[in-house]
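Asker: Any chance you could fold what I've pasted below:
(one chain, ligands or ions: 1)
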Amino acid sequence: MKTLLLLLAAVVCTNIVCQKTTNPYPYKNHRPTSAGIRKYVDVNQEQFFQDFRKFVGDSLIEDTWIDCDDLSTYVQHDSLELGCFYAPQEILCTTEELYVDYRLQYVSKYRRSQFVETNQFVYSTVMHEIGHMYWQQVLRSMGRNAVLPEFLQTLRVFPYSYGAEFLEEGLCEYIPYTMQEILSVDDYKPRSTEDIINNRNTYSIKYRYARLFVTPVIQKYGLRKAIEIMVCCAPPSIEEILYPEKYYQRLVEK
Ligand SMILES: [Zn+2]
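Answerer: Take a look at the predicted model:
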């Protein structure tokens, strides 16, 4: 009996050791450390691009090296993003131990901690940033003449700038949201134009609502075609962002 117990204990210990050694990314208190985030990104470089290509069904992407850094130290960094993309193909992922993801707000504590511990929030950041790279590549492959000049030339002019960024962020959010299966149903909708231009709502509008806004276009045409169609029309106005049907009709008429 004693031998059996010892044997059982040995099996349990081996399992514990195995479980610990199967997670190669340093973490503390069930959360990846900065070093853990960096290692996860380094080790999975190829897998990220493979997954992205498979999801998009397009071979256009040229792989690049995804780097990590503490983005809070960057002067021009948008604090709402956990990663950033510099055209044509530089992607940076933050090593800050933030663990934020709006999609986690309505899920159970258990699923949330699983999502964090396995670096899934880093995975969504990476997919979002590759989405920006893909958006730019589709635009470049179309050539300047194919893209509506209004779309390119007025990007710095409000409200075109807002509408164009809104579409791109929405598409980039659609990718991880759909790839990782819906963690929580999120149907946030602004109720007025004031809701849209209110700075306190930037995150909800630019990411959460923008994803909902572009979803019907992507579902109808596919990712690549959706980008091609959207950049051949003027970006949505604030009014059209509030009433998407007006924008969709304009896209269809094209
Ligand atoms: Zn973005």
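Asker: drop to CA atoms for contacts and neighbour counts, all remaining ones
Answerer: OK.
Asker: And the strands in this protein, which stretches?
Answerer: Secondary structure of the chain by DSSP state E: the strands cover 27-28, 31-32, 66-69, 83-86, 90-94.
Asker: Which of these sits closest to residue 175?
Answerer: Judged by C-alpha to C-alpha, the one of the strands of the chain that comes nearest to residue 175 is strand 83-86, at 14.7 Å.
Asker: ok now the closest one, how far from the chain's centre?
Answerer: 11 Å (C-alpha atoms, centre = their mean, to the nearest Å).
Asker: what do you get for stretch 117-136?
Answerer: The answer for stretch 117-136 is 5 Å, by C-alpha atoms, centre = their mean.
Asker: Could you do stretch 125-140 as well?
Answerer: With C-alpha atoms, centre = their mean, you get 10 Å for stretch 125-140.
Asker: Could you do stretch 229-248 as well?
Answerer: That offset, for stretch 229-248, works out to 21 Å (C-alpha atoms, centre = their mean).
Asker: Now do the buried residues in that stretch.
Answerer: For stretch 229-248, burial by neighbour count (16 or more other C-alpha atoms under 10 Å) applies to 229-238, 240-244, 247-248.
Asker: Tell me, how many residues neighbour residue 63?
Answerer: 14 (other C-alpha atoms under 10 Å).
Asker: can you tell me which residues contact it?
Answerer: Contact partners of residue 63, counting by C-alpha atoms under 8 Å, 6 or more residues apart in numbering, are residue 49.
Asker: Retrieve the pLDDT associated with it.
Answerer: If you check residue 63, the pLDDT there is 78.
Asker: and the gap between it and residue 90?
Answerer: Residue 63 sits 10 Å away from residue 90, taking C-alpha to C-alpha, to the nearest Å as the criterion.
Asker: Return the residues in contact with residue 70.
Answerer: Residue 70 neighbours (C-alpha under 8 Å, 6+ apart): 94-96.
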